[in-house]
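In: Below is the sequence, then the predicted model.
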Amino acid sequence: MRRRASRLPDCRWAGCIAFAMLRLAPERIAKMALLDTSARADTPEQTAARKTQIAMAQSGRFGEIPEMFISRYLHRNRQSDESLTTIVREMAMETGPEAFMRQLMAIMSRPDSRPMLSAIRCPTLVLVGDGDEVTPPALNKEIADGIAGTKFTVVPNCGHLSTIEQPDAVNAALADWLGA
């Protein structure tokens, strides 16, 4: 049985945190796994889309947002999987509009981390779903190419929520990488 996540994951948010930690205390990072993320700052189009979502949440339309996520976050072949769509809806609703808006504001203000990639010295795994539309494989490959010695893994039949969509494949990739 799948374990339900308690918050709506935006892996670029997790990537944001990882890159911030590397800026502040790189010596404290022994190994790093970056899943479905980007090292880039928001584009003007991404910021505009986030501002639209914030406006929706502020105007009482937060309940519409989970449906938008299903089409963007789940692989096109998995968008009718009721167990996955239920998880996405529940995670969004559990996050709530206030936390959701704070997450978007933080993501919109993240710096471009590409200039620091070559300075990363810890063993790194970069993993992405082959159908990730939010942070496509090319953006993840950009990270992997920027960090020497990185292991790059693409998970088939998987969108942005790799740990939920393909938990066995993600766990196997992590176990293989950690054991190497």
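Out: Perfect, thanks for sending it. Predicted model only: the values in this text are computed from it and were never measured.

In: So what's the residue count around the closest residue to residue 63 other than its chain neighbours?
Out: Leaving aside its sequence neighbours, residue 63 sits nearest to residue 93 (Cβ to Cβ, 6 or more residues apart in numbering; 7.7 Å). C-betas here are computed from N, CA, C, even on glycine. Using other Cβ atoms under 10 Å, the number of residues around residue 93 comes to 15.

In: Tell me how far residue 93 lies from residue 147.
Out: 36 Å (Cβ to Cβ, to the nearest Å).

In: next one: residue 177
Out: 13 Å.

In: What is the biggest helix by length in the chain packed up against?
Out: If you go by DSSP state H, the chain has its longest helix at helix 82-108. If you count contacts as 3 or more Cβ pairs under 8 Å, 6 or more residues apart in numbering; DSSP states H and E, helix 82-108 packs onto helix 11-24, helix 44-58, helix 65-73, helix 162-165.

In: Packing partners of the last one?
Out: When contacts are defined as 3+ Cβ pairs under 8 Å, 6+ apart, helix 162-165 packs onto helix 82-108, strand 124-129, helix 167-179.

In: on that earlier part again, residue 177 and residue 147 - which one has more neighbours?
Out: residue 147 (22 against 16).

In: contacting residues for the more buried one?
Out: 117, 118, 120, 124, 126 (Cβ atoms under 8 Å, 6 or more residues apart in numbering).

In: Low-confidence regions, this structure specifically.
Out: For the chain, the stretches with pLDDT under 70 are 1-13.

In: what do you get if the cut-off is 90, keeping everything else the same?
Out: 1-27, 180 (pLDDT under 90).

In: and residue 38, helix, strand or coil?
Out: Recorded secondary structure, residue 38: coil (DSSP: H, G, I helix; E, B strand; the rest coil).

In: Offset the numbering so it begins at 12, please.
Out: Done: numbering now begins at 12, and the last item shifts to residue 49.

In: Which of the helices and strands packed on helix 173-176 sits closest to residue 84?
Out: Smallest distance to residue 84 across those (Cβ to Cβ): 6.3 Å, for helix 93-119.
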